[in-house]
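1. all I have is the shape, not the residue letters:
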């Protein structure tokens with residue numbers, strides 16, 4: 001008998017938790033607060049966007065391409081030989 005009452009109490013507790021959570025979440029007051037906070041964030045983002053400075057692009061012709069044939073050092077290095085010659 002006590003075991004069944006305990007299960008009923010647990011089920012009622014879980015039911016009331018979900019009921020009151022959903023009731024608060026879908027209430028008009030909570031919806032108004034969430035809309036105001038989202039609207040306030042959008043307003044702040046627009047203000048910060050207007051205050052940003054635009055920097056000049058200085059990355060034109062920054063890459064120098066080197067031909068492989070023009071490299072004079074074509075020696076192949078082997079790892080173990082480098083360790084042996086380390087005096």
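-> Noted; the coordinates are in hand. What you are looking at is a predicted structure, and each value in this text was computed from that prediction instead of being measured. Numbers count the residues shown, from 1 in each chain.
2. ranges for the helices of the protein?
-> With helices called from DSSP state H, the chain shows them at 2-25, 28-51, 79-84.
3. a markdown table please, covering these and showing mean neighbour count.
-> For every residue, glycine as well, the C-beta is placed using N, CA and C. Output for the helices of the chain, formatted as a markdown table (neighbours: other CB atoms under 10 Å):
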| stretch | mean neighbour count |
| --- | --- |
| helix 2-25 | 10 |
| helix 28-51 | 10 |
| helix 79-84 | 8 |
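4. in CSV: those helices, plus distance to residue 60 and mean pLDDT.
-> Formatted as CSV, these follow (distance: least, CB to CB, whole Å; pLDDT from 0 to 100):
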stretch, distance to residue 60, mean pLDDT
helix 2-25, 54, 95
helix 28-51, 26, 91
helix 79-84, 40, 75
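5. closest one to residue 58 among the ones you listed?
-> Closest approach to residue 58 among the helices of the chain (CB to CB): helix 28-51, 22.3 Å.
6. let me see the contact set for residue 31.
-> The contact partners of residue 31, by CB atoms under 8 Å, 6 or more residues apart in numbering, come to none.
7. circling back to that earlier point, got JSON lines for the helices of the chain, with distance to residue 63 too?
-> Shown next, in JSON lines, are these (distance: least, CB to CB, whole Å):
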{"stretch": "helix 2-25", "distance to residue 63": "55"}
{"stretch": "helix 28-51", "distance to residue 63": "32"}
{"stretch": "helix 79-84", "distance to residue 63": "30"}
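8. out of those, which comes closest to residue 62?
-> Counting by CB to CB, residue 62 lies closest to helix 28-51 out of the helices of the chain; the figure is 28.3 Å.
9. what's the angle between the closest one and helix 2-25?
-> 50 degrees (axes from the mean of the first three to the mean of the last three CA atoms, to 10 degrees).
10. how far does helix 28-51 sit from the chain's center?
-> How far helix 28-51 lies from its chain's middle: 20 Å, per CA atoms, centre = their mean, to the nearest Å.
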